[in-house]
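Q: below are the sequence and a predicted model; questions follow.
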Amino acid sequence: MNLMSIFRLRQFGLASVLSLGLGFAPVSSAAIIDSHVQSTAELEYGLVLYEYFQKRFFPSLVENAYSVAKENTIALGDDGELLKGGLMLSYGMADDARNIFETLLEGKASPLVRNRAWYFLARFYYNKSDISNATRALSYISGEIPKDLVFDYYYLSTLVKIKSNKALSEDEFDETIAQSTQYPYLLFNKAIGQLKVGQLVDAVANLETVKSYVGLEEEFLVLSDRAKLALAQIAMQKGRFDQAWLYLTQIRTTGLYSNRALLNYAWAAIKVKRFPDATAALKLLNRRNIASPEVQEAKVLLAHLYEQEGSPRKALKANLLAIKDFKAGVAMVDEARRIIDKKDVPAEFITNMEAIVDDSDWHSSTPSVDYKNLTPFLIDLMSGHPFNETLRELADLYYLRKNLEYWLLQGREHLVIMENSTKKAFNDKNHELVRNSVKFEARFREQKAELSLLNLALEKDDQVRIDVLLASTSDELIVFDEKVKLFDSLEDVYVLPGSYRSEINSLHRRVKMLLQKTELNIVKLEPVMRQLVKAELDKHEERMSYYWAQSRLAKARLYDTTLSTLKDAQRSLNSEQRGKN
Amino acid sequence: MHILLSRISLALILVFAYIGLQAQEVEQGVDDGAKAIDANISVDVNEDWAASVEDTNIDFGRDDSESRARSALNEVQKISRDIQILKGEVIDLNKDLTLMEEKLLFPSSTKVSFFVSATSGQFFEMESVKLKIDGRFVATHIYSKKQREALLRGGVHKLFITNLSEGQHDIIAFFTGVGPGDRAYKRASELRLKKGPGSQYLEIAISDDTVAQEPTFKMKLW
């Protein structure tokens, strides 16, 4: 039995694969295999896994609780507990998850289960920024690491070492892990760890390796861009602008890191005196959405570059366009502030977030989704831990509210079912009907026997035709006979026990109470989200106002220079005329 | 004086007219920007200017936004414990409600649950399944990519729950999807179910026959 499970660590923000070793084996033998399911317990527990593999943590936890209530042996075992802990950790129920792992570790769990539990505990502490306890938990992992957990273990281990400023050794990873498709992520982390402890040469070598991972998948192209950007920044910090420029030329001009890369490219080009290249990069940035800080800086820098290259007219025009853009940008921030104050915006923002992130490439074009005036300003914010935590908790609360509202509606239906059930009764009329049916059934059977005899007296061809009719009548008689027997054997109809009514009422009171609690938490959390969004918007406004003022100063200076040039020309013209006179 | 002013005005108009032309060039230049990155265009520039350029990043409102982020995180962490308890309570309530709903709708003597499982998936990519009981279509489900993957990793899908009386029932499941050679594939699987007393599980299992190089569909009563 070997069930593989996979979910991404949302906290890590990359394709980190985490698996739990329960269950059913993948099939490879060359034969017909009817099913991997070997028992009813596996069949029932499969529902937990079905939700879990789709990363639907809440339904999976509900299915798990249901399986436990049904005394499912897998759900009650160590593996089931381990999965439950992992699910809780992913669903933001960290404290309960920790209790489960600690209980498992106190018991006599197998080494594999213990290693998993320690890993999850380490992850719990890492997410809480408790690095010393995360380090301690990882140190307890020994012996065989479950195969599906190897990558995640090393990934977490590198993150913890980076946070605790510990050096990553050359033989940090198991040899087999180098074959993993996710290996570049480990190398990248290793390089960052090496940089932190001053191992520059090794760090650059590892980043160079990551840079070369350019498969077809967007995920690895992005990672490669990230490595190139890191290399360029190292080179720039060390004053090697030519080298930095070479790295930057390799980064794609669209994609997650393109804005930062283009701005760095412009600066590096300026440093190595490739001014036309700097201009081109800045022009490209200049056409992008003003919500990006890099675009804002590019507008001012482009005008400055024109001025410095001795093109005052181009510089003036660039400044005029920048002033116009910054004015529009500040107005956009005001609009965004107005939007976030609307009542249902946090809920709708979270509902639309998946679509927003999936459908829009913020870094290359104007977003074409709802809240387009709000969301471009929040791209940086969304990658931050506080905002992420707030959004996640809010999203969970909205989901709980939706779930409870559904049950509130179902509550009415439950009562209707109950009402109807109590009205059911096996009265005299029904008994009479059953008695009549028994008589009819006997009469039909006799008639069928008579018809069969009559049929024998007919011509051969006619007999064949009638046989078909008799056969179908016979089938219907069998069904009728079964039903008559069933009803005849019944003394009374099944009526739902009266105790169900009080159970239903009690459950519905719980639904209402929890709905109130959910609303209360939403009311507490929404202002926090608004506060974060507004702080981010303030930051944008402050930056744009600063650049706006710079552009206006530059414009005034350029006008001033033009006027004084004209005055000088006029004076020389006048003196020439006076000389002639 | 008037002549001087009119000359300056004329000069300014000419300057603005020229700027207008330049603006078109700027906008045109934007379109060619990406291409120009690799081109070596020679422009007469003051090569010493870059040394005087301030290229340090200014962190606008960083302190303020960091302090607001910290206070937000503190607030979230304060509420977090309550939310964790609430989540646990809602999960527990959902479990109780599910159990109650089952008791109301599907008494244990008549309850029959239909499950779909998939083992391997080399020869069949399932798109949908339809269920027919005693000549009537009772359930249909279209599988998303995520759901297919979940099935192949060992998950089991509960397709349908119903009440069936004791006795014989005809069950037919119809499958559509992509079969060997990426061709549209339709198959059906049939079972005459003898419903006994007590609740029953019926598994609709999809697996591969590697010898015949085609998928197999079977039903199993648990």
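A: Looks like it came in fine. Because the structure is a prediction, the values reported are computed rather than measured.
Q: just confirm B:L202 is within a helix.
A: No: B:L202: not assigned to a helix; according to DSSP: H, G, I helix; E, B strand; the rest coil it is strand.
Q: let me see the contact set for it.
A: Contacts here follow C-beta atoms under 8 Å, 6 or more residues apart in numbering or on different chains; on that basis B:L202 touches B:112-115, B:171, B:191, B:193, B:219-222. All C-beta atoms are positioned from the backbone trio N, CA, C, and that covers glycine.
Q: and with 6 Å instead?
A: B:L202 makes contacts with B:114, B:221, as judged by C-beta atoms under 6 Å, 6 or more residues apart in numbering or on different chains.
Q: how near is it to B:F175?
A: Distance from B:L202 to B:F175, counting by C-beta to C-beta, to the nearest Å: 15 Å.
Q: likewise A:R445?
A: Noted for A:R445: a distance of 40 Å to B:F175, by C-beta to C-beta.
Q: looking only at neighbour counts, state which of those two leads.
A: More neighbours surround B:F175 than the other of A:R445 and B:F175, with 21 against 14 (other C-beta atoms under 10 Å in any protein chain shown).
Q: and the helix or strand harbouring that one, is it in reach of chain A?
A: According to DSSP states H and E, B:F175 maps onto strand B:167-178. Yes: using C-beta under 6 Å from any C-beta of the partner chain, strand B:167-178 reaches chain A at B:G167.
Q: in the chain, where is pLDDT below threshold?
A: Reading this off chain A. Along chain A, segments meeting pLDDT under 70 span A:1-33, A:170-171, A:215-216, A:343, A:352-377, A:379-380, A:382-385.
Q: chain B, not that one
A: Looking at chain B by pLDDT under 70, you get B:1-66.
Q: what residue in it comes nearest to chain A?
A: Residue nearest to chain A within chain B (C-beta to the nearest C-beta): B:V156, separated by 2.5 Å.
Q: let me know the secondary structure of the closest residue to that residue other than its chain neighbours.
A: Leaving aside its sequence neighbours, B:V156 sits nearest to A:G46 (C-beta to C-beta, 6 or more residues apart in numbering or on different chains; 2.5 Å). Assigned with three-state DSSP, A:G46 falls in the helix class.
Q: which helix in chain B runs the most residues?
A: Ranked by residue count, the top helix of chain B under DSSP state H comes out as helix B:62-105.
Q: and if you look at chain A?
A: Longest helix in chain A, counting residues (DSSP H): helix A:499-580.
Q: stretch B:124-143 and chain A in contact?
A: No: Stretch B:124-143 does not reach chain A (C-beta under 6 Å from any C-beta); its nearest approach is 9.3 Å.
Q: buried sites along that stretch?
A: Using 16 or more other C-beta atoms under 10 Å in any protein chain shown as the burial criterion, the residues of stretch B:124-143 that qualify are B:124-127, B:129-133, B:143.
Q: what angle separates the helix or strand following the strand holding B:F175 from strand B:167-178?
A: Next along the chain after strand B:167-178, taking DSSP H and E as the criterion, comes strand B:184-195. On the basis of axes from the mean of the first three to the mean of the last three C-alpha atoms, to 10 degrees, strand B:184-195 is oriented at 160 degrees to strand B:167-178.
Q: so what does strand B:184-195 touch, helix or strand wise?
A: strand B:167-178, strand B:214-221 (3 or more C-beta pairs under 6 Å, 6 or more residues apart in numbering or on different chains; DSSP states H and E).
Q: return the residues in contact with the residue positioned nearest the centre of chain B.
A: Residue closest to the mean C-alpha point of chain B, counted by C-alpha atoms, centre = their mean, is B:K146 at 7.8 Å. Residues counted as contacts of B:K146 (C-beta under 6 Å, 6+ apart) are A:Q54.
Q: about what we covered before: for the longest helix of chain A, packing partners?
A: Counting contacts by 3+ C-beta pairs under 6 Å, 6+ apart, helix A:499-580 packs against helix A:293-308, helix A:312-340, helix A:385-423, helix B:62-105.
Q: and with 8 Å instead?
A: helix A:293-308, helix A:312-340, helix A:345-359, helix A:379-382, helix A:385-423, helix B:2-31, helix B:62-105 (3 or more C-beta pairs under 8 Å, 6 or more residues apart in numbering or on different chains; DSSP states H and E).
Q: ok, which of those helices comes nearest A:Q531?
A: Proximity to A:Q531 (C-beta to C-beta) singles out helix B:62-105 among these, at 6.0 Å.
Q: now that closest one against helix A:499-580, angle please.
A: 150 degrees.
Q: helix B:62-105 vs chain A: in contact?
A: Yes: residues of helix B:62-105 are located near chain A by C-beta under 8 Å from any C-beta of the partner chain, namely B:62, B:64-65, B:68-73, B:75-76, B:79-84, B:86-101, B:103-105.
Q: out of those, which end up buried?
A: Among those, those classed as buried by 16+ other C-beta under 10 Å are B:65, B:68-69, B:72-73, B:75-76, B:79-80, B:83-84, B:86-101, B:103-104.
Q: which SSE is immediately downstream of the helix or strand containing A:K439?
A: Assigned by DSSP H and E, A:K439 belongs to helix A:428-456. Downstream of helix A:428-456, the next assigned helix or strand under DSSP H and E is helix A:460-489.
Q: quick one: buried residues of that next one?
A: Of the residues in helix A:460-489, A:466, A:470, A:477, A:481, A:484, A:487 count as buried by neighbour count, 16+ other C-beta under 10 Å.
Q: what residues are up against the second one?
A: For A:L470, the contacting residues are A:448, A:451-452, A:455, by C-beta under 8 Å, 6+ apart.
Q: most surrounded residue in these?
A: In the contacts of A:L470, the most neighbours by other C-beta under 10 Å go to A:N455, 16 neighbours.
Q: and that one, what does it touch?
A: A:N455 makes contact with A:462-463, A:466-467, A:470, according to C-beta under 8 Å, 6+ apart.
Q: make JSON lines from these and add distance to A:L263 to it.
A: Converted to JSON lines, the contacts of A:N455 look like this (distance: C-beta to C-beta, whole Å):
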{"residue": "A:D462", "distance to A:L263": "95"}
{"residue": "A:Q463", "distance to A:L263": "94"}
{"residue": "A:I466", "distance to A:L263": "91"}
{"residue": "A:D467", "distance to A:L263": "89"}
{"residue": "A:L470", "distance to A:L263": "89"}
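Q: looking at those, spot the one nearest chain B.
A: Of the contacts of A:N455, the one sitting nearest to chain B (C-beta to the nearest C-beta) turns out to be A:L470, at 20.4 Å.
Q: what lies in contact with stretch A:519-537?
A: For stretch A:519-537, contacts defined as C-beta under 8 Å, 6+ apart pick out A:333, A:336-337, A:340-341, A:346, A:374, A:377-378, A:380-381, A:386-387, A:390-391, A:393-394, A:397-398, A:401, B:61, B:64-65, B:68-69, B:71-72, B:75-76, B:79, B:82-83, B:86.
Q: B:Q122 against B:S207, yeah?
A: No: counting by C-beta atoms under 8 Å, B:Q122 stays clear of B:S207, with 9.7 Å between them.
Q: and these two? which has more neighbours close in?
A: Per other C-beta under 10 Å, whichever of B:Q122 and B:S207 has more neighbours is B:S207, with 24 against 15.
Q: for B:S120, helix, strand, or coil?
A: In three-state terms, and counting by three-state DSSP, B:S120 is coil.
Q: run a quick neighbour tally on it.
A: Taking other C-beta under 10 Å as the neighbour definition, B:S120 ends up with a count of 19.
Q: same check on A:F349?
A: 22.
Q: and it, how far is that from chain B?
A: Applying C-beta to the nearest C-beta, to the nearest Å, the value for A:F349 to chain B is 16 Å.
Q: please identify the most buried of the helices and strands packed on helix A:499-580.
A: Stretch with highest mean neighbour count among those: helix A:293-308 (a mean of 23; mean count of other C-beta atoms under 10 Å in any protein chain shown).
Q: any idea of the angle that helix forms with helix A:499-580?
A: Using the same axes, to 10 degrees, the direction of helix A:293-308 lies 0 degrees away from that of helix A:499-580.
Q: for the stretch 101-250 of chain A, which residues are neighbours of chain B?
A: Checking the stretch 101-250 of chain A against chain B by C-beta under 8 Å from any C-beta, the hits are A:T249.
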